[in-house]
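**Student:** When you get a sec, could you give me coordinates for this:
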Amino acid sequence: MLTELKELKRRNFLLYYLTARDFKVKYRRSVLGILWSVLNPLLMMFVVSAVFSYIFRQDIENFPVYLILGQVVFNFLSESTNLAMNSVLGAAPLIKKVYVPKYIFPFEKVLFSFVNFLISFIAVAIVLIIYQVPLSFTAFLLPLLMLYLFLFCLGIGLLLSSVAVLFRDIIHLYGVIITAWTYLTPIFYPVTALEGTFMRQVMEFNPMFHYVDYMRQIVLYHSVPSLTENLICIGFAVLLLAVGVFAFKKNQDKFILYI
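**Tutor:** Down below sits the predicted model:
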């Protein structure tokens, strides 16, 4: 890991170039450009809120804020892992021509999504202002949550990118997985709706439940997550990162044979 980190530091210019290129490609010929990183979560929040606020109006206070906090967290997972999964395959022409550490490609995609994630907090701020939800000192824990999320998504991205090269069906299968994962995470419904059911126990093994809940605790409910909750969050992040690094290092020498 130390070797890879040193190599990554030496090639930070490449990371900057690839990230800038992705922004240019994503917003090419778009009038609003990067503003879509703010408008997307806002528009989705208004659409979903218009429907579900009537269903859960008695169960969730400040439902639009509750909703957008869950959305921005899960959107980061969805975008970063999907982009990372296809990163090595997408970089095949470059990999065939010159030597580039292959882990840079999934890392850059997660980094690109992380920048989008940061920009989306402008949308969160707008919703907080509209619904007059103040911030407290607990918001200073946001960088810690972002670190947990980044490591977690990087681990999944490394794992998926290595598997996708050898087993292309994962690209189609992951679309189903991420959809199911969305509904298994309390983004637009209260977790209390599952109380007394088997699914409430299953929820404890859903990493995104803990990350979404962490976000809401520090931003919406102004509470400090317990030590146990922090250990669970960092545990999932370290575990997935270790699995992702192991899978990527084990398979990266075979990539040239399959891309």
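**Student:** Buried residues in stretch 165-179, which are they?
**Tutor:** The neighbour-count check on stretch 165-179 (16 or more other CB atoms under 10 Å) flags 165, 170, 174 as buried. (Glycine included, C-beta is placed from N, CA and C.)
**Student:** and of the residues you listed, the nearest to Ile68?
**Tutor:** Of all these, Tyr174 has the smallest distance to Ile68: 24.5 Å, by CB to CB.
**Student:** check contacts around the closest one.
**Tutor:** Shown in contact with Tyr174 (CB atoms under 8 Å, 6 or more residues apart in numbering): 81-82, 85, 160.
**Student:** Just say helix, strand or coil for the closest residue to Gln252 other than its chain neighbours.
**Tutor:** Nearest residue to Gln252, sequence neighbours excluded (CB to CB, 6 or more residues apart in numbering): Lys102, at 5.0 Å. Secondary structure, DSSP: H, G, I helix; E, B strand; the rest coil: Lys102 is coil.
**Student:** What separation is there between Lys102 and Leu257?
**Tutor:** As judged by CB to CB, to the nearest Å, Lys102 and Leu257 stand 13 Å apart.
**Student:** more crowded one of these two?
**Tutor:** Remark: of Lys102 and Leu257, Lys102 carries more neighbours, 23 against 8, as counted by other CB atoms under 10 Å.
**Student:** isn't that one right up against Asn251?
**Tutor:** No - with contact defined as CB atoms under 8 Å, Lys102 does not count as touching Asn251 (9.7 Å).
**Student:** Might you list the low-confidence residue ranges for this protein?
**Tutor:** 1-15, 23-59 (pLDDT under 70).
**Student:** Let's check: the centremost residue of it is which one?
**Tutor:** The C-alpha lying nearest the average C-alpha coordinate of the chain belongs to Leu77 (CA atoms, centre = their mean; 2.2 Å).
**Student:** List the contacts of it.
**Tutor:** Contacts of Leu77 by CB under 8 Å, 6+ apart are 149, 152-153, 156, 208.
**Student:** again, only using 6 Å
**Tutor:** Cys153 (CB atoms under 6 Å, 6 or more residues apart in numbering).
**Student:** got it, and the one 4 residues further on?
**Tutor:** In this structure, Thr81 makes contact with 153, 156-157, 160, judged by CB under 6 Å, 6+ apart.
**Student:** So it: helix, strand or coil?
**Tutor:** helix.
**Student:** what's the neighbour count on the nearest residue to it once chain neighbours are set aside?
**Tutor:** For Thr81, ignoring the flanking residues on the chain, the nearest one in space by CB to CB, 6+ apart is Ile156 at 4.9 Å. Look at Ile156: counted by other CB under 10 Å, it has 23 neighbours.
**Student:** Can you point out the buried residues in the helix or strand containing Ile156?
**Tutor:** Using DSSP states H and E, the element containing Ile156 is helix 142-166. Of the residues in helix 142-166, 145-146, 148-165 count as buried by neighbour count, 16+ other CB under 10 Å.
**Student:** go on, stretch 132-142?
**Tutor:** Buried residues in stretch 132-142 (16+ other CB under 10 Å): 133, 138, 141.
**Student:** Mind jotting down where the helices sit in this protein?
**Tutor:** Secondary structure of the chain by DSSP state H: the helices cover 2-10, 12-26, 36-55, 63-85, 87-90, 92-97, 104-119, 121-130, 142-166, 169-183, 198-203, 207-219, 227-251, 255-258.
**Student:** Which of those helices sits closest to Val191?
**Tutor:** Smallest distance to Val191 across the helices of the chain (CB to CB): 6.5 Å, for helix 198-203.
**Student:** helices and strands around that closest one, which ones?
**Tutor:** For helix 198-203, not one helix or strand is in contact under the criterion 3 or more CB pairs under 6 Å, 6 or more residues apart in numbering; DSSP states H and E.
**Student:** what's the distance between it and the middle of its chain?
**Tutor:** 22 Å (CA atoms, centre = their mean, to the nearest Å).
**Student:** what's next to it, contact-wise?
**Tutor:** Residues from elsewhere that reach helix 198-203 (CB under 6 Å, 6+ apart): 194, 209.
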